[in-house]
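Undergrad: My questions concern the predicted model and sequence given below.
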Amino acid sequence: MFFRYVAASVLALSASLSAHAAEQALEIGYLPILPAAQLFVGLESGALLPEGEPAPKLVSFQSGPALTQALIAGQLDVAYVGIGPALVAKAKGADVKVVASNIVEQVNVVAIGELAAYFDPAKPVGAPDFAAAVARFTQEKGRKPLIASYPKGAVPEAALQYWLRNVLKLQPDAVELIYQGEAQIQQALSNHAVDAAAILEPTVSQILKRQSDAKVLARGAELFPNQPGAVLLVRESLIQDKPELVQHLVDAQVRSTAMLRDDPAKATPYVQKYVGGGRLPKDVVQGAIERSHDQFQADPGRIIEATRQLQDFQASLGTLNTKLDDVQSLFDTRFYQKAVSQ
């Protein structure tokens with residue numbers, strides 16, 4: 001009798017532990033920035049997870065390197081993260097796959113003040129125009145234009161370098177670059193401490209709204225065609241154990257991308273809650289979403305070749321410490337292909 005009781009207790013405990021494991025919340029890492037907008041839309045619209053799935057455990061990070069370390073350490077089931085951290089994590093042995101893209105070509109170069117005055121606000125800026133303006137500015141002001149960028153190794157910094165070197169064909173020392181975080185770049189632009197910056201939305205919308213002398217010199221596709229931005233990254237173990245859950249995440253990604261592109265007014269409050277600490281005005285957030293219309297892209301296949309090009313370019317600059325030998329191994333496009341074929 002005693003042994004039957006013990007056996008029954010062990011079985012009950014085992015069943016309880018199995019049920020708890022099955023109900024364990026998905027751990028999702030993210031940065032509170034516009035390139036993670038699909039996560040915010042999915043969360044707030046209720047489309048992110050299947051009905052009955054426990055609410056996810058959200059882990060907010062303030063930088064890509066910190067999120068990369070969490071992935072390498074085996075933490076997080078899912079991450080909405082830049083392609084740079086995804087590449088580094090995979091190269092360092094993390095069992096991760098990109099199953100969807102979030103956004104492409106999101107870097108803009110914005111000039112202000114004295115440098116912006118060298119450009120016609122009504123005309124697009126071509127490579128000869130920019131080179132001529134830089135030369136005139138340097139001669140007349142007695143200094144090179146000062147351009148702020150994200151830290152070395154970050155994708156926005158790489159996009160800026162690609163534009164300056166490969167598109168404009170400028171000598172690397174034709175301008176002076178400084179490397180800062182998002183908040184510092186915003187402050188530098190607001191204080192006219194720099195002449196231009198490579199920035200993302202919603203900072204672009206904020207600067208254009210606040211400063212009448214600001215001008216967009218180049219948008220994403222002009223800097224680096226198909227330049228990959230943030231992606232939806234999942235553990236390979238999650239793919240193996242719960243492929244239906246991964247499929248649901250990608251289905252939600254496709255629907256959220258459609259809302260961001262086709263109904264920005266509806267998506268705005270969902271995004272506004274997370275980006276900028278929830279303190280950004282609604283019109284700034286909606287303007288940022290609308291300006292990013294063509295950049296919201298869920299197809300991971302679109303960015304595979306550009307990811308190779310990006311990694312090779314960063315390696316040529318010496319800003320990439322760890323290189324992934326097989327970039328294709330980072331991607332699993334099956335879930336997206338199924339999502340759009342349904």
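TA: All right, it came through fine. From a predicted model like this one, the values you see are computed outputs, not experimental measurements. Numbers count the residues shown, from 1 in each chain.

Undergrad: how far is the host helix or strand of Y162 from where the chain is centred?
TA: When elements are assigned from DSSP states H and E, Y162 belongs to helix 155-162. Averaging C-alpha positions (CA atoms, centre = their mean, to the nearest Å) puts helix 155-162 13 Å from its chain's average.

Undergrad: which residues touch it?
TA: Surrounding helix 155-162, the residues in contact under the criterion CB atoms under 8 Å, 6 or more residues apart in numbering are 82-84, 107, 109, 147, 149-151, 177, 179, 198-200, 220, 223-224, 227-229, 310, 313-314, 317, 319. For the C-beta atoms, the positions are set from N, CA and C on the backbone; glycine is no exception.

Undergrad: Can you tell me the closest non-neighbouring residue to the most centrally placed residue in the chain?
TA: The chain has A230 as the residue nearest its centroid, 2.8 Å off, counting by CA atoms, centre = their mean. Counting by CB to CB, 6 or more residues apart in numbering, A230 lies nearest to P35, which is 3.5 Å off, once chain neighbours are set aside.

Undergrad: hang on, the one you found packs against E105?
TA: No - using CB atoms under 8 Å, P35 makes no contact with E105, being 11.1 Å away.

Undergrad: what is in contact with these two at once?
TA: Common neighbours of P35 and E105 (CB under 8 Å, 6+ apart) are G229.

Undergrad: what about the two, which has more around it?
TA: Higher neighbour count among P35 and E105: P35, with 26 against 23, using other CB atoms under 10 Å.

Undergrad: Quick one: the helices in the stretch 101-250 of the chain, in order.
TA: With helices called from DSSP state H, counting those that start in this stretch, the stretch 101-250 of the chain shows them at 113-116, 127-141, 155-162, 182-190, 203-210, 220-223, 236-241, 243-262.

Undergrad: Mean neighbour count and mean pLDDT added to the ones you listed, as a markdown table?
TA: Listed next are these as a markdown table, based on neighbours: other CB atoms under 10 Å; pLDDT from 0 to 100:
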| stretch | mean neighbour count | mean pLDDT |
| --- | --- | --- |
| helix 113-116 | 18 | 93 |
| helix 127-141 | 15 | 88 |
| helix 155-162 | 24 | 93 |
| helix 182-190 | 17 | 90 |
| helix 203-210 | 20 | 91 |
| helix 220-223 | 21 | 90 |
| helix 236-241 | 14 | 96 |
| helix 243-262 | 20 | 98 |
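
Undergrad: and of these, who's closest to P281?
TA: Closest to P281 of these, according to CB to CB: helix 203-210, at 8.5 Å.

Undergrad: mind checking how far the closest one is from the chain centre?
TA: In terms of CA atoms, centre = their mean, the centre of helix 203-210 is set 19 Å apart from its chain centre.

Undergrad: what does stretch 250-259 give?
TA: Using CA atoms, centre = their mean, the offset of stretch 250-259 from its chain centre is 16 Å.

Undergrad: How about stretch 177-187?
TA: Distance, centroid of stretch 177-187 to centroid of chain: 17 Å (CA atoms, centre = their mean).

Undergrad: before we move on, what about stretch 162-175?
TA: Taking CA atoms, centre = their mean, one finds the center of stretch 162-175 at 24 Å from the center of the full chain.

Undergrad: again, but for stretch 69-86
TA: 12 Å.

Undergrad: cool, stretch 62-76 as well?
TA: A distance of 14 Å separates the centroid of the chain from that of stretch 62-76, by CA atoms, centre = their mean.

Undergrad: Mind listing what's buried along the helix or strand that R308 is a member of?
TA: With secondary structure defined by DSSP H and E, R308 is part of helix 304-317. For helix 304-317, a neighbour-count test (16 or more other CB atoms under 10 Å) marks I304, A306, T307, Q309, L310, Q311, F313, Q314, L317 as buried.
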